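Q: give the three-dimensional model of this entry:
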Amino acid sequence: MEMLIDFPGGARVDAHFNGFTVPTDQPAPSGDNSAPSPFETFLSSIGTCAGIYVLGFCKSRQLPTAGIRIRQTMESDPATGMVTRLTLDIEVPPDFPEKYYSALVRAADQCKVKKHIEHPPVFVVKTVVAQPQV
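A: Here you go, the predicted model:
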């Protein structure tokens, strides 16, 4: 998979892939706060990824998804600003069958984003000269 990252103006940085654009920006005063920051987008990918697996589990068992949501909270180290703990609470309505609670957790644990954080890839960052466009 390839993504093209460009700079549409101000502090905005957008990612383009598979016909989609994911816009990002920085909060004021650095940016216009017109979109989530790249870090906020990264954090949201964890909860939404877990949500895809919870949704898939429920759909495969014809369980209703109305009223289900995931509350994601983060704790950070004040000295470094790095996230030290991330909690995903899968909130279910009172009538959701209790026998599926642990299965929902196992489903959310399959999140590919979470697995990549647990087993990070090697990062290669370099500068290359762009080829002239014809």
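Q: state the number of residues packed around His119.
A: 7 (other CB atoms under 10 Å). No exception for glycine: its C-beta is placed from N, CA and C like everyone else's.
Q: so what's it scoring on pLDDT?
A: Looking at His119, its pLDDT is 96.
Q: now it: how far from Arg12?
A: Distance of His119 to Arg12, computed by CB to CB, to the nearest Å: 31 Å.
Q: same question, Pro38
A: In terms of CB to CB, Pro38 sits 10 Å off from Arg12.
Q: and for those two, which residues touch both?
A: Shared contacts of Pro38 and Arg12 (CB atoms under 8 Å, 6 or more residues apart in numbering): Thr24.
Q: and the residue nearest the centre of this protein?
A: Centrality entry for the chain: nearest residue to the mean C-alpha point is Ser45, 0.7 Å, by CA atoms, centre = their mean.
Q: wait, isn't Ala50 in contact with Lys114?
A: Yes - judged on CB atoms under 8 Å, Ala50 makes contact with Lys114 at a distance of 6.9 Å.
Q: the more surrounded of the two?
A: Counted by other CB under 10 Å, Ala50 and Lys114 do not tie: Ala50 has more neighbours, with 24 against 19.
Q: in contact with the more buried one, which residues?
A: Ala50 sits next to Ile70, Leu88, Ile90, Ala108, Asp109, Cys111, Lys114 when contact means CB under 8 Å, 6+ apart.
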